[in-house]
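Student: Got a predicted model here, sequence first, then my questions.
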Amino acid sequence: MEKHTDNVIDTLQEFTSKPAPDVVTQPTALCSEVALFRIQLSSDWIYQDSPLPTKFAKLFASILHGIDGEHFLITPVEKVRVEVDDAPLLIVDYVKDETASGLTLRSSIGTEHYLATLNHLKLTDFGIYLPLERGLWGKLSRACYYNFVNEFNLPDDEEADA
């Protein structure tokens with residue numbers, strides 16, 4: 001049994017020592033022009049007109065990429081189009097980094113994202129959007145929006161009009 005365990009450990013060490021393939025720059029064929037997945041305004045994931053459980057949405061979010069305004073699930077062997085109603089991730093909480101100016105963000109599906117700086121956030125009539133990894137954007141939920149505006153002294157609509 002130990003020998004088998006050693007082989008598994010050796011295999012895992014070998015696998016993790018190799019750099020992960022860059023799935024964005026490698027040519028990966030698009031499986032279909034039709035989007036099989038949809039991320040609704042509420043950040044709920046839909047697969048072929050059926051709600052996707054959060055645990056699967058979280059898994060698929062780990063391979064979600066934003067490229068030139070479009071969204072795709074990309075693996076080394078396939079690429080699937082995703083229709084996104086607004087932002088692919090809804091940010092429900094954040095924690096300021098005590099040692100730097102960064103934030104740790106938590107999405108509605110439980111994924112965590114680190115934002116090193118607030119330099120590239122987007123303020124629109126529809127909300128505050130923060131840049132995330134892999135070309136994605138996260139939109140602040142309503143409660144998170146108000147906390148963010150208060151903490152970072154951003155003018156909200158009422159203050160901007162005054």
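Tutor: Arrived safely, thanks for sending. All values derive from a computational prediction rather than experimental measurement.

Student: Any regions of the chain where pLDDT drops low?
Tutor: 1-27, 154-162 (pLDDT under 70).

Student: Identify the residues contacting the nearest residue to residue 39 once chain neighbours are set aside.
Tutor: Closest residue to residue 39 apart from its sequence neighbours, by C-beta to C-beta, 6 or more residues apart in numbering: residue 84 at 4.7 Å. Where you see a C-beta, it was placed from the backbone N, CA and C, and this is true even at glycine. Counting by C-beta atoms under 8 Å, 6 or more residues apart in numbering, residue 84 touches 38-39, 71.

Student: Show me the strands in this structure, by range?
Tutor: Residue ranges of the strands in the chain, as given by DSSP state E, are 37-39, 45-47, 50-51, 64-67, 70-74, 79-84, 89-96, 103-107, 112-115, 122-124, 127-131, 137-140.

Student: Now render those strands as a markdown table, adding distance to residue 29.
Tutor: Output for those, formatted as a markdown table (distance: least, C-beta to C-beta, whole Å):
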| stretch | distance to residue 29 |
| --- | --- |
| strand 37-39 | 17 |
| strand 45-47 | 20 |
| strand 50-51 | 25 |
| strand 64-67 | 14 |
| strand 70-74 | 11 |
| strand 79-84 | 7 |
| strand 89-96 | 26 |
| strand 103-107 | 29 |
| strand 112-115 | 28 |
| strand 122-124 | 32 |
| strand 127-131 | 28 |
| strand 137-140 | 26 |
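
Student: Check the gap between the residue nearest to residue 39 and residue 94 for me.
Tutor: Plainly put, residue 84 is 21 Å away from residue 94 if you go by C-beta to C-beta, to the nearest Å.

Student: hey, which of the strands of the chain is tucked in deepest?
Tutor: Each of the strands of the chain was given a mean neighbour count from mean count of other C-beta atoms under 10 Å, and the largest, a mean of 23, is that of strand 137-140.

Student: Contacts for it next, please.
Tutor: 66, 86-91, 105, 107, 113, 122, 126-132, 148.

Student: Over to stretch 52-62?
Tutor: When contacts are taken as C-beta under 8 Å, 6+ apart, the neighbours of stretch 52-62 outside the stretch itself are 37, 44-47, 73, 88-89, 107, 109-111.

Student: and if we set it to 10 Å?
Tutor: Where contact means C-beta atoms under 10 Å, 6 or more residues apart in numbering, the residues beyond stretch 52-62 that reach it are 37-39, 43-47, 51, 64, 73, 80, 82, 88-89, 107-111, 113, 134, 136.

Student: Many thanks, we can stop here.
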